[in-house]
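Chemist: From the sequence below, what's the structure:
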Amino acid sequence: MRADVYTSVLLNSRPLLSYEEIYLTLPQSEKLYHNDGGLSPREQLLTSRIEVERCPQMVFSDLLRVMLERNEIAPLDDAVAYELCLFAMQSPLWRFSHDVELFPRLTGVEWEAASPLDDRRTSFSLPEPTSTDLLSGRPYTAPDILGRVHRGMRDMRDDRDRMERALERWHDSFLAARQSSAFTRHRDSLMSSLLLFNTSHLQLHAPLAQLHNVAYRAGETRPVSSRAVQQIYDWSITRNATYATERAVAICDLISQELDRPENNRACFNFLAFGSLHHATVVLWTMSEIGSDSDDGNPERPRKFSRFKSKLEDKDTHALLQECSALFNNLSSLGGASFGTAAEQLSASRFPKRLENERHGVRPPRVDG
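Modeler: Predicted coordinates:
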């Protein structure tokens, strides 16, 4: 399952294994899972049998079913359980992450992240009212009788809401569990968990396939579909883009801060570090190039940002991507030098259409087709 998710996250492809296929009592206790006592295989088996008799057991697929129920308490205990739970969530998450036009196509409106000032929930955004019902006084949107028919898709919206809330319930429970020193003992599991949590939100709130496609073509100075460019410009001004950008910065900060720790006291990075940083980099490149200004116009306002956030706010794309490249190179002992080279190349690339319009000092117009 872990190898399947590594591939799925990196390639932005469908996981091949569903959590419903894992009919095993996982996870076992953390000491047994990590074999802290250096037990032989036979001793591990005997210890596992003792645990089954003495401790409550839950089939792993049932753990995920409980997590996806909005009114159930997260049945998670130690760091391993939190980590494996997020790995298993990739299968239901794919349903909504791979098709960015799912909601607009069927319902006519986007599923949009909540405002950064709200809590972390997401919502289904209804269109703004255009007139008023004179009898009831209630606003309504007059239907376009000759336009395309859209549907309510309440069950689909509920399923998306369950997915979003499962991730946030996981995170709330994770933050509470970190109050325990025993929980934070295995930094590897914590690192893997937080990387996958942030990446899951990138998958849900950013059109990753389109962003990578444009980035690859921009780096090779190849033509890009005007429709794809316009779609990304439209996305860049939504709350989804704002939220995805926050998650991308969080990924870079997380990896950077851990790399700054002494080598004998830092988490071991797995392949999720490459996959998550790969996606975070393309989100930051896009938003640095075309993202809307978020500053309040006061140059003297103190900004307590990480270096990634600061360079993003300054729209210093070259320096920002150089920082991302340095992170890849620091992870290169796992074979990630090629990722760093790609990020460095992207640092000198401009988002399509922006270069030719900068000569006239205007933002690219809407493009049809």
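Chemist: where does the stretch 1-150 of the chain dip in pLDDT?
Modeler: 27-28, 55-56, 113-144 (pLDDT under 70).
Chemist: rerun at 50
Modeler: Along the stretch 1-150 of the chain, the parts satisfying pLDDT under 50 run over 116-138.
Chemist: Which parts of it are helices?
Modeler: Remark: helices assigned in the stretch 1-150 of the chain by DSSP state H, counting those that start in this stretch are 2-11, 30-33, 41-54, 60-67, 79-97, 102-107.
Chemist: right, so of those, which gets closest to residue 233?
Modeler: helix 102-107 (15.2 Å; C-beta to C-beta). To be clear about C-beta, it is placed using only N, CA and C from the backbone, and glycine gets the same treatment.
Chemist: now the closest one, how far from the centre of its chain.
Modeler: The chain centroid and the centroid of helix 102-107 are separated by 21 Å under C-alpha atoms, centre = their mean, to the nearest Å.
Chemist: Rounded mean pLDDT for the helix or strand containing residue 244, please.
Modeler: Following DSSP states H and E, one finds residue 244 within helix 239-259. The average pLDDT within helix 239-259 is 94.
Chemist: elements contacting that helix?
Modeler: Counting contacts by 3 or more C-beta pairs under 8 Å, 6 or more residues apart in numbering; DSSP states H and E, helix 239-259 packs against strand 111-113, helix 187-205, helix 272-290, helix 307-313, helix 317-330.
Chemist: Lowest mean pLDDT across those, which one is that?
Modeler: strand 111-113 (a mean of 76).
Chemist: any idea which of the helices of the stretch 1-150 of the chain is most buried?
Modeler: With neighbours taken as mean count of other C-beta atoms under 10 Å, those reach their highest mean count in helix 79-97, at a mean of 22.
Chemist: So which of the helices and strands packed on helix 239-259 is nearest residue 237?
Modeler: helix 272-290 (9.1 Å).
Chemist: Format the CA atom coordinates belonging to that closest one as CSV.
Modeler: Extracted in CSV, the C-alpha atoms of helix 272-290 (Å, rounded to 0.1, in the frame of the first residue of the first chain):
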residue,chain,number,x,y,z
LEU,A,272,6.9,11.3,-0.1
ALA,A,273,9.4,14.1,0.4
PHE,A,274,10.1,14.1,-3.3
GLY,A,275,6.5,13.7,-4.4
SER,A,276,5.2,16.4,-2.1
LEU,A,277,8.0,18.9,-2.9
HIS,A,278,7.6,18.2,-6.6
HIS,A,279,3.9,19.3,-6.4
ALA,A,280,4.6,22.2,-4.0
THR,A,281,7.2,23.6,-6.3
VAL,A,282,4.9,23.8,-9.3
VAL,A,283,2.2,25.5,-7.2
LEU,A,284,4.6,28.1,-5.8
TRP,A,285,6.1,28.7,-9.3
THR,A,286,2.6,29.3,-10.7
MET,A,287,1.4,31.6,-7.9
SER,A,288,4.6,33.5,-7.8
GLU,A,289,4.2,34.2,-11.6
ILE,A,290,0.5,35.0,-11.8
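Chemist: Pull the distance from that helix to the chain's centre.
Modeler: Using C-alpha atoms, centre = their mean, the offset of helix 272-290 from its chain centre is 10 Å.
Chemist: So which bits of it are buried?
Modeler: Using 16 or more other C-beta atoms under 10 Å as the test for burial, helix 272-290 gives 272-290.
Chemist: got the angle between that helix and helix 187-205?
Modeler: In terms of direction (axes from the mean of the first three to the mean of the last three C-alpha atoms, to 10 degrees), helix 272-290 departs from helix 187-205 by 40 degrees.
Chemist: tell me which strands and helices helix 272-290 is in contact with?
Modeler: So helix 272-290, by 3+ C-beta pairs under 8 Å, 6+ apart, packs with helix 2-11, helix 187-205, helix 208-219, helix 226-236, helix 239-259, helix 307-313, helix 317-330, helix 337-346.
Chemist: and residue 186, what does it touch?
Modeler: Applying C-beta atoms under 8 Å, 6 or more residues apart in numbering to residue 186 gives the contacts 30, 34, 79-80.
Chemist: how does it look with 6 Å?
Modeler: Contacts for residue 186 (C-beta atoms under 6 Å, 6 or more residues apart in numbering) come out as residue 79.
Chemist: And it, how close does it get to residue 80?
Modeler: Distance of residue 186 to residue 80, computed by C-beta to C-beta, to the nearest Å: 7 Å.
Chemist: Check residue 50 too.
Modeler: Residue 50 sits 18 Å away from residue 80, taking C-beta to C-beta as the criterion.
Chemist: now do residue 169
Modeler: Taking C-beta to C-beta as the measure, residue 169 falls 18 Å from residue 80.
Chemist: Number of residues surrounding residue 176?
Modeler: Neighbours of residue 176 under the rule other C-beta atoms under 10 Å: 11.
Chemist: Distance-wise, check it relative to residue 75.
Modeler: Counting by C-beta to C-beta - residue 176 and residue 75 are separated by 14 Å.
Chemist: now do residue 183
Modeler: 16 Å.
Chemist: Which of these two has more residues huddled nearby?
Modeler: Neighbours were counted for residue 183 and for residue 75 using other C-beta under 10 Å; residue 183 has more, 18 against 15.
Chemist: Quick check: closest non-adjacent residue to that one.
Modeler: Spatial nearest neighbour of residue 183, chain neighbours left out: residue 177 (4.9 Å); criterion: C-beta to C-beta, 6 or more residues apart in numbering.
Chemist: go on, residue 252?
Modeler: Sequence neighbours aside, residue 308 is the residue nearest to residue 252 in space, at 4.4 Å (criterion: C-beta to C-beta, 6+ apart).
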